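**Q** Predicted model follows, preceded by the sequence.
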Amino acid sequence: QVQLVESGGGLVQPGGSLRLSCAASGFTLDHYAIGWFRQAPGKEREGVSCISTSDGNTYYADSVKGRFTISRDNAKNTVNLQMNSLKLEDTAVYYCAVGVPSSWDYERGYDYWGQGTQVTVSS
């Protein structure tokens, strides 16, 4: 059974850090793109970052460049999102997704989605 499970969300103060993980089971992450998306209350879901396992390329939304880092742990079949210098506007439910999208932030190109993990940045 194909499954993606996110973890690592929580409450953090502005300027703090969190590390999200996306664990895949039922398949390996080879030859896929693994994307992180987020949805804040009242807003549409948006792409945050993506890593392509075929060529190792990484992609980031402008709003998180220089603060977030996506990486893959082959041994654990997981993808991590290190989030530093968190801002209030980073508050959202974060989802990981796997697929072969035509563009890294094209949601419909992702076939499998996790259930999401809440990230709250608040003082």
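**A** Done, it's in. Residues are numbered from 1 along each chain as shown.

**Q** looking only at pLDDT, what's the mean for stretch 82-99?
**A** Mean pLDDT, taken over the full extent of stretch 82-99, equals 97.

**Q** do the same with stretch 38-51
**A** Mean predicted confidence for stretch 38-51 is 97.

**Q** what does stretch 17-34 give?
**A** Taken as a whole, stretch 17-34 carries a mean pLDDT of 91.

**Q** Pull out the buried positions in that stretch.
**A** Applying a neighbour-count criterion of 16 or more other C-beta atoms under 10 Å, one finds 18, 20-24, 29, 32-34 buried in stretch 17-34. C-beta here means a position set from N, CA and C on the backbone, and glycine is covered the same way.

**Q** ditto for stretch 76-87
**A** By neighbour count with 16+ other C-beta under 10 Å, stretch 76-87 contains the buried residues 77-81, 83, 86.

**Q** between those residues, which is nearest Phe68?
**A** Within those, proximity to Phe68 (C-beta to C-beta) peaks at Met83, which comes in at 5.1 Å.

**Q** Quick check, that closest one in contact with Arg67.
**A** Yes. With contacts defined as C-beta atoms under 8 Å, Met83 counts as touching Arg67 at a distance of 6.8 Å.

**Q** Tell me the strands beside the strand or helix carrying Val93, with direction?
**A** Val93 belongs to strand 92-99 when elements are defined using DSSP states H and E. Using DSSP bridges, the neighbouring strands of strand 92-99 in the sheet come out as strand 33-39 (antiparallel), strand 110-113 (antiparallel), strand 117-121 (antiparallel).
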